[in-house]
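Q: Quick one: sequence plus predicted model below, questions after.
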Amino acid sequence: MTHSLNVAVLPDRRVVAIGGADRVKFLQGLMTNDIRRLAADRALYGGFLTGQGKLLYDAFAIADGERILIDIAANLAGDLVKRLISFKLRAAVEIGETAPALAVAAAWGPGAATKLELESTEGAAGNRTFAEPHHAFVDPRIADLGVRLIYPADFAMATKLTPFGFVAATVADYTAHRLSLGIADTAEIGGEVCYPLEANFEMLHGVDFKKGCYVGQELTARMKFRGIQRKRILPVSGAAALPEAGTSVTSDGTELGPLIAASGTQGLALLRLDRLDDKKEGAIRARDVQLSIGWPNWLPR
C-alpha cells in the first residue's frame, strides 16, 4: 500500500469477552503477560501455552469496564473459549464471544497514532476509548505496527477514519506491512509450532518474567535464565518470490529451519541460531530462491 495512512479490517480476528469478579486472577494464571498491569491506558500482548511451554495462540488483552476483551485469531476463538472453560472450575468468571459481535481493524502509517490522538511508550501501549464504545490502542508489540481498533462488527470503521486521512487497505496490505517489520502473527506461530521466546515474545513485550506462575511458565523461565534458546523467528527476503510456508531454508545442504510465512519476496523463518553463524549470505536458500536474513532494529543480537 503506497498511501501513508492505511486502515484494514481484519476479518481473521475475533473478540472474546471474560467478565466476572475473578477475571484478572483467572487470566493471570493462563497468559504469559502480567494481567494485573492491564488498565484503561494499557493494552497487553501475550500468549496461551501448553503445559510444556509451547505456544498455542497469541492474543491481545484490552480492559473494557467490568470485562476483559481478548483479540484472537477467528479460527481459534472457539478453541480458546473451550480451553478457558476447562480451567474455570469455581472461578467467578463468564466466558464467551461478545454479543453483539465486535470486529478488529488495524491502522498504520507515519503519524497514525498521533492522528488518532494516541500516545505510546516503550513496553506499553496507549489505549483509549475511541468514539465510544470502540477501543483504539497502539500495538503493544512495537509502535511501528500502528493502531488496533475494536468496534461493533456492523460499524464502517474505514469510513469512520476517512476524515483522519486514512484510506481502505486489505488484509494482504497489512500482512506485508507486518512482515516488513519482521513480526509473526498467530497463523505462523500458533498451534505448538514454537516456544514464545522463539517467537520473540520478550522483545515484543509479550511475556513477564516477574509475574509468577502460569501454564507453561516453568519452561519459558528456564529458556530465559539458562540461555537454552536455539531458534528464533527472523525476517527473510528473496531475490524472487518466496516458495510456500513450510519450505526448508538451507545453506550448502545444512537445514536451518522452515519458512513459516511468505508474501511475495518477504517472509519469516524459524531458524537455528547456532547454524547461522558461519553461513555466507549468498548460500542461504529456500528451494531455488536465494535469501537474505534480516535482523530488525527492535531485536537485539
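A: In hand now; what should we look at?
Q: Could you pull out the buried residues of stretch 148-163?
A: Residues of stretch 148-163 classed as buried by neighbour count (16 or more other Cβ atoms under 10 Å): 148-151, 155, 157-158, 160-161. C-beta coordinates here come from the backbone N, C-alpha and C atoms, glycine included.
Q: any idea which of those residues is the one closest to E94?
A: Taking Cβ to Cβ as the measure, E94 lies nearest I150 of the buried residues of stretch 148-163, at 18.4 Å.
Q: I'd guess that closest one is in a strand, am I close?
A: Yes - counting by DSSP: H, G, I helix; E, B strand; the rest coil, I150 is part of a strand.
Q: need the contact list for L10.
A: Counting by Cβ atoms under 8 Å, 6 or more residues apart in numbering, L10 touches 103-106, 171, 174.
Q: mind listing which of these are in strands?
A: Residues of these located in strands (DSSP state E): 103-106.
Q: So which of the residues you listed wins on neighbours?
A: Most neighbours among the ones in strands among the contacts of L10, by other Cβ atoms under 10 Å: A105, with 26 neighbours.
Q: I figured that one hits A156, correct?
A: No - using Cβ atoms under 8 Å, A105 makes no contact with A156, being 10.4 Å away.
Q: Run through the residues that contact the residue lying closest to Q266 once chain neighbours are set aside.
A: Among residues not flanking Q266 along the chain, L179 sits closest, at 4.5 Å (Cβ to Cβ, 6 or more residues apart in numbering). L179 sits next to 235, 261, 263, 266-268 when contact means Cβ under 8 Å, 6+ apart.
Q: Taking those residues together, which two end up most distant?
A: By the measure Cβ to Cβ, P235 and S263 form the most distant pair in those, at 11.2 Å.
Q: With neighbour numbers in mind, choose between those two.
A: Using other Cβ under 10 Å as the criterion, P235 and S263 rank with P235 on top: 21 against 16.
Q: For G51, list the residues it contacts.
A: 215-216.
Q: That one and R230, how far apart?
A: To R230, G51 is 21 Å away according to Cβ to Cβ, to the nearest Å.
Q: Next: I70.
A: 30 Å.
Q: With neighbour numbers in mind, choose between these two.
A: Here I70 and R230 are compared on neighbour count by other Cβ under 10 Å; more neighbours surround I70, at 26 against 13.
Q: any low-confidence regions in the stretch 101-250 of the chain?
A: Along the stretch 101-250 of the chain, segments meeting pLDDT under 70 span 119-133.
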